[in-house]
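just coords:
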Ligand code: UD1
Ligand code: UDP
């Protein structure tokens with residue numbers, strides 16, 4: 001069996017790492033294709049170095065652009081590689097433009113698609129990711145769901161075949177690299193931080209950072225938090241802060257984006273995490289750190305139902321209240337599988353391949 005894995009943006013390198021390792025362990029041949037959506041060292045190469053992900057076999061070098069421009073270039077690039085490599089499966093991760101482009105190219109070439117992180121919905125069509133997810137799910141052959149509710153959502157949309165609840169590969173990554181992060185990362189000492197005495201914040205969604213008012217309200221509340229706030233800046237945030245001419249209060253420390261190992265340490269030892277990221281919401285739950293989601297909604301509703309995630313949008317008062325209140329319970333049920341999602345994905349694909357070979 002031959003698999004082509006499409007990656008391109010930061011969270012996809014993290015999601016691909018455990019799956020690529022599981023494919024290699026099962027003796028499956030994998031062609032790794034990087035779209036080039038993220039290209040700064042701290043947004044791309046560092047994850048390959050830290051997570052043992054081998055260098056991409058093909059780099060499309062697409063870079064940044066408008067949605068149409070970026071997606072179109074990727075579509076052409078992925079199509080060429082799929083035609084040349086003739087994989088049995090194309091694996092796509094998450095909900096970025098790289099995900100959609102690879103899925104669409106594969107669908108038109110009648111190459112089977114496995115979508116990891118299928119069935120997630122925000123029901124907010126203003127988010128580019130929502131279109132990417134819905135369209136990718138509806139052209140995929142195997143839908144790997146991190147949770148039962150994701151599978152139920154697919155059924156509501158009429159997708160019944162090829163749906164598998166496998167758990168979350170980001171939980172696999174967190175378990176797999178936790179000890180390494182503990183061993184290698186010096187980030188707390190470098191930033192002069194004491195465990196549980198700071199807040200960790202990430203902001204990168206266009207909905208948050210492209211709006212001077214929303215970003216201003218969030219930064220205002222963080223500036224009045226009364227404790228250190230560490231904010232690793234996604235390039236989109238850094239760009240918008242410059243464009244909007246915004247400065248931040250003295251307790252907010254803006255730093256460059258960090259690698260996965262430093263990020264895990266920063267998350268694990270934070271008193272609280274405030275974010276508009278999908279992956280970071282889940283990771284706070286993995287680490288048992290309460291999370292405040294700075295968006296109007298979340299795809300990861302299980303973490304909210306469990307009481308560990310508060311969705312507050314860019315509401316200054318609500319942010320301040322969460323920062324000063326103990327809102328989370330003691331219990332933290334296991335919501336994202338058993339840390340073997342990557343192996344389960346590979347088992348589903350190899351078994352489907354065996355059945356199609358014998359039919
Ligand atoms: C993308 C994904 C989003 C995901 C995020 C993860 C889409 C539509 N969005 O958003 O779902 O949550 O990645 O981080 O696919 N830039 C750099 N250096 C880089 C990469 C980007 O400077 O290495 C800057 C460019 O100015 C670029 C901007 O960041 O225009 C946005 O990058 P882009 O990949 O288009 O979207 P993200 O906001 O990163
Ligand atoms: N991350 C990281 N360094 C950072 C910020 C995030 O390694 O400076 C990791 C984070 O731990 C998580 C992933 O990037 O594993 C989340 O990616 P991001 O927030 O960019 O995208 P999203 O998950 O919202 O699509």
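Structure's in. What do you need? What you see is a predicted model, and the numbers here were worked out from it, not measured in a lab. Ligands and ions are numbered 1, 2, ... in the order given.

So residue 295 is in contact with residue 206, correct?
No - with contact defined as Cβ atoms under 8 Å, residue 295 does not count as touching residue 206 (11.4 Å). Using the backbone N, CA and C atoms, a C-beta is placed for each residue, glycine as well.

Need the residues touching each of these two.
Counting by Cβ atoms under 8 Å, 6 or more residues apart in numbering, residue 295 and residue 206 have no common neighbour.

Pull up the residues of the stretch 1-150 of the chain that are close to ligand 1.
Within the stretch 1-150 of the chain, the positions near ligand 1 by Cβ under 6 Å from any ligand atom are 9-11, 37-40, 43, 64, 95-97, 128-129.

want to throw these into CSV with distance to residue 340?
CSV is the format used below for those (distance: Cβ to Cβ, whole Å):
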residue, distance to residue 340
9, 25
10, 24
11, 20
37, 28
38, 28
39, 32
40, 32
43, 28
64, 36
95, 23
96, 25
97, 29
128, 31
129, 26
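
Top of those by number of neighbours, please.
residue 95 (30 neighbours; other Cβ atoms under 10 Å).

ok, now which ones touch it?
By Cβ under 8 Å, 6+ apart, the neighbours of residue 95 are 117, 120, 129, 130, 132, 133, 136, 278.

Among these, which one is most surrounded by other residues?
residue 117 (30 neighbours).

show me the contacts for that residue.
Counting by Cβ under 8 Å, 6+ apart, residue 117 has contacts 15, 93, 94, 95, 144, 145, 146, 150, 168, 169.

which among those gets closest to residue 58?
Using Cβ to Cβ, residue 93 comes nearest to residue 58 of the contacts of residue 117, at 16.3 Å.

Against residue 197, how distant is the closest residue to that closest one other than its chain neighbours?
Closest residue to residue 93 in three dimensions, ignoring its sequence neighbours and counting by Cβ to Cβ, 6 or more residues apart in numbering: residue 15, at 4.2 Å. From residue 15 over to residue 197 the distance is 31 Å, taken as Cβ to Cβ, to the nearest Å.

now residue 86
55 Å.

Look up which helix or strand the residue in the stretch 1-150 of the chain positioned nearest to ligand 2 falls in, please.
Nearest to ligand 2 in the stretch 1-150 of the chain, going by Cβ to the nearest ligand atom, is residue 11, at a distance of 3.8 Å. Per DSSP states H and E, residue 11 falls inside helix 10-25.

which other residues reach that helix?
3, 5-7, 30, 32, 38, 43-44, 47-48, 51-54, 91, 93-94, 96, 98-99, 116-117, 169-170, 172-173, 176-177, 257, 260, 278-279, 341-343, 345-346.

tell me, which of those residues make contact with ligand 2?
257, 260, 278, 279.

Need the phi and psi values for the last one.
Phi and psi for residue 279, reported as degrees, to the nearest 10, are phi -60, psi -40.

Could you report the pLDDT at the closest residue to it other than its chain neighbours?
Once flanking residues are discounted, residue 279 sits nearest to residue 11: 4.8 Å by Cβ to Cβ, 6+ apart. Looking at residue 11, its pLDDT stands at 98.

same deal with residue 95?
So, for residue 95, pLDDT stands at 98.

Show the contacting residues for residue 238.
With Cβ under 8 Å, 6+ apart, residue 238 has these contacts: residue 254.

which SS state does it fall under?
helix (DSSP: H, G, I helix; E, B strand; the rest coil).

neighbours around the residue nearest to residue 19 when sequence neighbours are not counted, how many?
Counting by Cβ to Cβ, 6+ apart, residue 19 lies nearest to residue 342, which is 4.6 Å off, once chain neighbours are set aside. Close neighbours of residue 342, defined as other Cβ under 10 Å, add up to 28.

mind checking how far residue 342 is from ligand 1?
Going from residue 342 to ligand 1 by Cβ to the nearest ligand atom, to the nearest Å gives 20 Å.

just residue 58 next, same as before
Taking Cβ to the nearest ligand atom, one finds residue 58 at 18 Å from ligand 1.

and that residue, what are its phi and psi?
phi -140, psi 140.

ok now do it, which residues does it touch?
Counting by Cβ under 8 Å, 6+ apart, residue 58 has contacts 31, 32, 33, 34, 81.
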